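# turn this into a model:
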Amino acid sequence: MLDKLLKRLLKILTSTKFYGPIIVIIVSIFIFKTVDKLINKFLVKTERIRKNVKKENTIINLIKNIIKYLIIVIDILIILEIYGVNTTSIIASLSVVGVVVGLAFQDTLKNVLAGILIIFEDRYSVGDIVLINGFTGEVINLGLSTTKLKAVTGEIFTITNSNISTVVNYSVCNTLLFLDLGVSYSTNIDSLEKVLTKLKPKLETIPNVVNKEVELLGVDSLDSSQVTYRISILCKPYTHFAIKRTALKLIKEEFDKKGIEIPFNQLDVHIKTENE
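As a prediction, the model looks like this:
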């Protein structure tokens, strides 16, 4: 009796149906861990030279997940083959099911594909300030299906990735801020330029001004009540609003010290008496 049990146990242990799936799973785990280690080593070596670490890590995690699920699917098919299941018919059935599921979840698949394209094309990342379909805000969530923006005033805007038609990213390049300074016609332009030249060092020390790039561009227009003098300031992405406020404050203070008049609308009132 014991001999029969031992023979059966030995037969089971030596059967490909027993050790085959175990070998397949072990080999698959080894392959995935090896690939994962190679990718991680590559990431460590290139972390300092990569331009957009956040975006590239997102792509790499996506690739890892695709590899993992691909290995799982292949494992299942191999194990079924070991047990004598005709996987050809299963694959054919899955193809039909896949078509039906694809039609049922067509919009979802469109959103996912659009999300993958956004990540790969680096249109924007979490933390960027963007204009999407007329709404401006900070990207607080970038998913495969949807994108969420938060406006300065606190509104949350959620849009499906497939519905994104236009994107303006304010966080990619530096911003060139133009300031048009209106002065009266009685102002001597040479004197004005001397004042602005002395003021340049202060303007260049404003936080987020890039490489001290403040340029006096000159007279830009001659309007009905003022001469418009233009200067430009190179700012870090989406910091021009704060820089503009600080720069105008410094310019106004300097103009007041030097007696440079900034034109404003005036109303002359003439009172006519009965004797006139």
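
# mind giving me the packing neighbours of whichever strand or helix holds Gly182?
Applying DSSP states H and E as the criterion places Gly182 in strand 175-183. For strand 175-183, the packing partners by 3 or more Cβ pairs under 8 Å, 6 or more residues apart in numbering; DSSP states H and E come out as strand 227-235, helix 240-258. Glycine gets a C-beta too; all of them are placed from N, C-alpha and C.

# buried set for that strand?
By neighbour count with 16 or more other Cβ atoms under 10 Å, strand 175-183 contains the buried residues 175, 177, 179, 181-183.

# check these and tell me the two furthest apart.
Thr175 and Val183 (25.1 Å; Cβ to Cβ).

# and the gap between Glu254 and Thr160?
Applying Cβ to Cβ, to the nearest Å, the value for Glu254 to Thr160 is 51 Å.

# whoops, I mixed them up, Lys64
As judged by Cβ to Cβ, Lys64 and Thr160 stand 25 Å apart.

# where do the strands sit along the stretch 101-250 of the chain?
Counting by DSSP state E, counting those that start in this stretch, the stretch 101-250 of the chain has strands at residues 129-132, 135-142, 146-150, 156-160, 167-169, 175-183, 209-222, 227-235.

# how about the last one as PDB, C-alpha atoms only?
Listed in PDB are the C-alpha atoms of strand 227-235, where the atom choice follows Å, rounded to 0.1, in the frame of the first residue of the first chain:
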ATOM      1  CA  VAL A 227       5.000 108.900 -25.000                       C
ATOM      2  CA  THR A 228       5.300 105.200 -24.400                       C
ATOM      3  CA  TYR A 229       8.700 103.800 -23.500                       C
ATOM      4  CA  ARG A 230       9.100 100.000 -23.600                       C
ATOM      5  CA  ILE A 231      11.400  97.800 -21.500                       C
ATOM      6  CA  SER A 232      11.700  94.000 -21.500                       C
ATOM      7  CA  ILE A 233      12.400  91.600 -18.600                       C
ATOM      8  CA  LEU A 234      13.200  87.900 -19.100                       C
ATOM      9  CA  CYS A 235      11.400  85.900 -16.400                       C
END
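
# partner strands of that strand, parallel or antiparallel?
strand 175-183 (antiparallel), strand 209-222 (antiparallel) (DSSP bridges).
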